[in-house]
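Asker: model the following, please.
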Amino acid sequence: MTASETIADLLGRQAGSRPRRPALTAPGRASVTYGELERTVAAARLAWAGLGFTRTDRMAVALPNGMDLAVTLLSVMGVATAVPVDLDGPPAELVRHLRGSRATALVVRDTAGNAAARAAETLGLPVIEVLPTGPAPRAGLQGGNPREHAHEPPRAADAALLLRTSGTTGEPKFVAISHARLCLSARNIASGLELTEDDRCLNVMPLSHAHGLLTPLLATLSAGGQVDCLPGFDADGFFAAMSRCKPTWYSAVPTIHQEILARAGGQREVIGATTLRFVRSASAPLPAHVRDRLAETFRAPVIESYGMTETTSVVASNPLPPRARKPGSVGLPAGCEVAVLDGNGHPAPVGQVGEIVVRGPAVADGYDHDREATATAFVDGWFHTGDLGRFDEDGYLYLAGRTKETINRGGLTVSPFEIEQVLQSHPAVAQAVVFPLPHPTLGEDIGVAVVPAEDAQPTEREIRAYAAQHLSPALIPSRVVLVGQIPHGAHGKVQRRELHTRLPLPPVGFAPPRTQVQRTLVAIWQDLLGRERIGVHDNFFDLGGDSLRAVPLAEAITRHTGVPVNVVDIFAFPTVASQAELVDTGRTHTPAPDGAAGSADPDGAAVRAGLARLARRRGRGGGNG
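Answerer: I've put the predicted structure just below:
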């Protein structure tokens with residue numbers, strides 16, 4: 001590869017050296033050789049040019065995932081800038097994508113019932129249909145006329161792709177990636193993974209995302225290997241494809257890896273015949289237990305990597321054997337320079353967490369038509385990722401969350417990553433995702449969505465108790481939601497800031513106290529929170545409680561019931577009902593800060609006396625007990 005290479009040059013180079021080797025395969029489709037791929041792309045490129053498109057155009061492409069999308073994107077990049085669009089996005093999101101990308105046309109498979117086509121028509125964009133058997137346009141433009149322009153092939157410095165960032169921490173932005181950067185990144189990835197023409201990649205990722213487009217597709221084509229293009233991911237289809245094409249590797253996000261493992265028990269014959277050389281994981285932190293199960297299941301090393309759209313995918317990657325792979329690390333810098341900066345913008349010492357910054361020839365210059373965002377993130381030649389991390393003494397990079405994903409709990413900055421690592425060490429937890437909850441006094445509180453491990457049935461109380469044993473009180477989630485699957489965006493990433501709106505968090509119905517202990521606790525809460533109507537299932541923190549008020553609450557419960565309760569218990573058991581059960585057992589369920597154990601009150605005398613004292617105090621106007 002040279003610095004002046006374009007995507008067309010890359011395909012031409014491979015077609016010249018290995019014209020009869022398969023480049024693309026797909027379920028139920030004939031394979032496409034490198035010679036056929038180059039000729040098909042070249043013919044489509046001329047067809048696009050014949051319709052008047054030039055290298056200054058931005059052609060949005062909204063096709064189903066698979067071989068046709070791969071070929072269409074490659075052909076569009078040969079004449080203009082390709083803008084991949086998620087076909088399954090909601091109508092309003094499709095309009096925002098097309099408008100924000102400044103697309104000049106939309107390419108679809110069929111306009112009938114197509115939400116993307118309707119979005120384009122709303123914006124007055126021409127819509128082009130492509131044949132199911134290839135990317136050659138059908139006759140004419142719908143909604144426009146062919147334009148007369150002399151065809152000038154794109155240059156290496158021209159934008160080949162316009163990709164939208166994942167938007168996990170804010171409004172998505174667009175990044176233009178030149179042909180030169182695209183080809184360089186593909187080569188870097190192929191080199192780091194030691195890809196050759198004998199490798200076969202099973203692509204389960206959407207080609208509308210940098211992860212799927214750059215690593216499985218372009219890196220494999222850069223090495224002369226074969227890509228099997230699935231129409232989309234489903235666990236059964238994955239194992240069927242493994243049996244059919246016998247891949248040497250695949251790359252996916254952690255959520256997909258976990259779905260694969262969930263079905264692995266019924267696929268022992270397919271797994272036994274696997275030819276995987278390695279498994280790659282990227283786009284989000286991979287839980288340790290998932291990494292270990294993947295390696296054990298497929299008898300192959302798991303390569304954790306880290307990249308971003310702004311860096312043209314790869315930033316760091318663990319090396320292949322025999323070099324060391326460090327559990328929990330995303331590896332060594334790959335094709336770029338990486339630094340970790342402290343709060344003053346200086347290089348952080350080894351082991352200290354700071355912001356990760358990146359620079360290098362594959363890193364973008366900025367955000368498309370967004371000077372403010374560019375000025376904030378691209379400073380003095382460095383791209384500020386917004387990710388937190390640290391280096392170890394061997395130069396391996398470890399992620400520690402995102403600066404914009406931290407939760408501000410009443411002035412305390414909380415990293416979701418730290419809490420997730422603890423909860424995912426619980427044997428009954430397959431996945432835990434921490435997210436911010438709006439709070440009337442703290443501003444933000446901590447919630448966690450938990451996916452139980454296979455055949456496990458953890459309770460909300462069990463998860464809280466485990467958190468209380470391993471985390472400081474201020475880090476214990478006040479709300480635990482048990483779910484079968486974590487909601488995520490189209491690209492497999494969890495959007496933490498929006499998660500509380502997408503989880504089953506129904507309002508708790510009012511339930512009055514029914515036992516003497518519950519009435520005692522309700523009276524204590526009423527005094528402390530200044531509220532009259534409190535039900536036994538209300539959450540202390542939802543009603544305005546915080547870490548400061550948790551201290552007098554614990555003291556009041558201890559004083560009025562005679563059962564020692566500590567502040568950790570308040571975080572672990574934040575409802576009247578759960579605290580009543582705590583008192584009924586006669587001892588606390590969690591270690592007190594000083595290690596003191598609770599004592600029993602079997603006859604309930606202290607509880608009755610405490611209730612009487614509270615009634616007398618509330619009759620006199622009361623106070624904060």
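Asker: mind exporting whatever helix or strand A49 lives in as PDB, just the C-alpha atoms?
Answerer: Here A49 sits within helix 34-50, counting by DSSP states H and E. The C-alpha coordinates for helix 34-50 follow below in PDB (Å, rounded to 0.1, in the frame of the first residue of the first chain):
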ATOM      1  CA  TYR A  34     -11.600 -10.700  -6.200                       C
ATOM      2  CA  GLY A  35     -11.600 -10.400  -9.900                       C
ATOM      3  CA  GLU A  36     -15.400 -10.400 -10.000                       C
ATOM      4  CA  LEU A  37     -15.600  -7.900  -7.100                       C
ATOM      5  CA  GLU A  38     -13.300  -5.500  -8.800                       C
ATOM      6  CA  ARG A  39     -15.200  -5.700 -12.100                       C
ATOM      7  CA  THR A  40     -18.600  -5.300 -10.400                       C
ATOM      8  CA  VAL A  41     -17.500  -2.300  -8.400                       C
ATOM      9  CA  ALA A  42     -15.900  -0.700 -11.400                       C
ATOM     10  CA  ALA A  43     -19.000  -1.100 -13.500                       C
ATOM     11  CA  ALA A  44     -21.200   0.300 -10.800                       C
ATOM     12  CA  ARG A  45     -18.800   3.200 -10.300                       C
ATOM     13  CA  LEU A  46     -19.300   4.100 -14.000                       C
ATOM     14  CA  ALA A  47     -23.000   3.800 -13.600                       C
ATOM     15  CA  TRP A  48     -23.000   6.300 -10.600                       C
ATOM     16  CA  ALA A  49     -20.800   8.600 -12.600                       C
ATOM     17  CA  GLY A  50     -23.200   8.300 -15.600                       C
END
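Asker: any idea of the mean pLDDT for it?
Answerer: Average pLDDT, helix 34-50: 91.
Asker: swap in stretch 220-235?
Answerer: Taken as a whole, stretch 220-235 has an average pLDDT of 94.
Asker: could you chop the protein up by domain?
Answerer: 329-402, 406-499, 516-619 (automatic domain parsing).
Asker: so what pLDDT did the closest residue to R45 other than its chain neighbours get?
Answerer: Distance criterion CB to CB, 6 or more residues apart in numbering; nearest residue to R45, sequence neighbours excluded, is G78 at 3.7 Å. Yep, even glycine has a C-beta here, placed from its N, CA and C like the rest. On pLDDT, G78 comes in at 92.
Asker: for burial, what's the neighbour tally of G78?
Answerer: 24 (other CB atoms under 10 Å).
Asker: do the one 5 residues further on as well
Answerer: When neighbours are counted by other CB under 10 Å, V83 registers 31.
Asker: same check on D236?
Answerer: Neighbour tally, D236, other CB under 10 Å: 10.
Asker: next one: it from S243, what distance?
Answerer: Distance of D236 to S243, computed by CB to CB, to the nearest Å: 11 Å.
Asker: then G351?
Answerer: Taking CB to CB, one finds G351 at 45 Å from S243.
Asker: between these two, which one's more packed in?
Answerer: More crowded of G351 and S243, by other CB under 10 Å: S243, with 14 against 11.
Asker: what is the strand or helix carrying that one packed up against?
Answerer: Using DSSP H and E, S243 maps to helix 235-245. Other elements packing on helix 235-245 under the criterion 3 or more CB pairs under 8 Å, 6 or more residues apart in numbering; DSSP states H and E are strand 200-203, strand 226-229, helix 254-264, helix 268-272.
Asker: mind listing residues that contact the helix or strand following it?
Answerer: Sequence order places strand 249-252 as the next helix or strand after helix 235-245, per DSSP H and E. The contact list for strand 249-252 (CB atoms under 8 Å, 6 or more residues apart in numbering) reads 193, 199-205, 211, 215-216, 233, 260, 276-282, 492.
Asker: make a ChimeraX selection of whichever of those turn out to be buried.
Answerer: Selecting only the buried entries of the contacts of strand 249-252 in ChimeraX, with 16 or more other CB atoms under 10 Å as the criterion:
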select :193,199,200,201,202,203,204,205,211,215,216,233,260,276,277,278,279,280,281,282,492
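Asker: for the closest residue to S101 other than its chain neighbours, give the beta-bridge partners.
Answerer: Closest residue in space to S101, ignoring its immediate chain neighbours: V83 at 4.7 Å, by CB to CB, 6+ apart. For V83, the beta-bridge partners under DSSP bridges are A60.
Asker: R58 is in contact with V83, correct?
Answerer: Yes: counting by CB atoms under 8 Å, R58 is a contact partner of V83 at 5.4 Å.
Asker: list residues touching both of these two?
Answerer: 101, 103, 162.
Asker: just give the nearest non-adjacent residue to the second one, would you?
Answerer: Nearest residue to A103, sequence neighbours excluded (CB to CB, 6+ apart): A60, at 4.0 Å.
Asker: distance to H97 and mean pLDDT for the domains of the chain - can I get that in a markdown table?
Answerer: Output for the domains of the chain, formatted as a markdown table (distance: least, CB to CB, whole Å; pLDDT from 0 to 100):
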| stretch | distance to H97 | mean pLDDT |
| --- | --- | --- |
| domain 329-402 | 13 | 93 |
| domain 406-499 | 11 | 81 |
| domain 516-619 | 36 | 74 |
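Asker: go through those and name the closest to S31.
Answerer: Evaluated over the domains of the chain, closeness to S31 peaks at domain 406-499, with 27.2 Å, by CB to CB.
Asker: got the end-to-end distance for that closest one?
Answerer: Length of domain 406-499, first residue to last, CA to CA, to the nearest Å: 14 Å.
Asker: tell me how far that domain is from the chain's mean position?
Answerer: Computed by CA atoms, centre = their mean, to the nearest Å, the chain-centroid distance of domain 406-499 equals 15 Å.
Asker: next one: stretch 55-65
Answerer: 24 Å.
Asker: distance-wise, check D342 relative to G389.
Answerer: Relative to G389, and taking CB to CB, D342 is found at 12 Å.
Asker: of the two, who's got more company?
Answerer: G389 (24 against 13).
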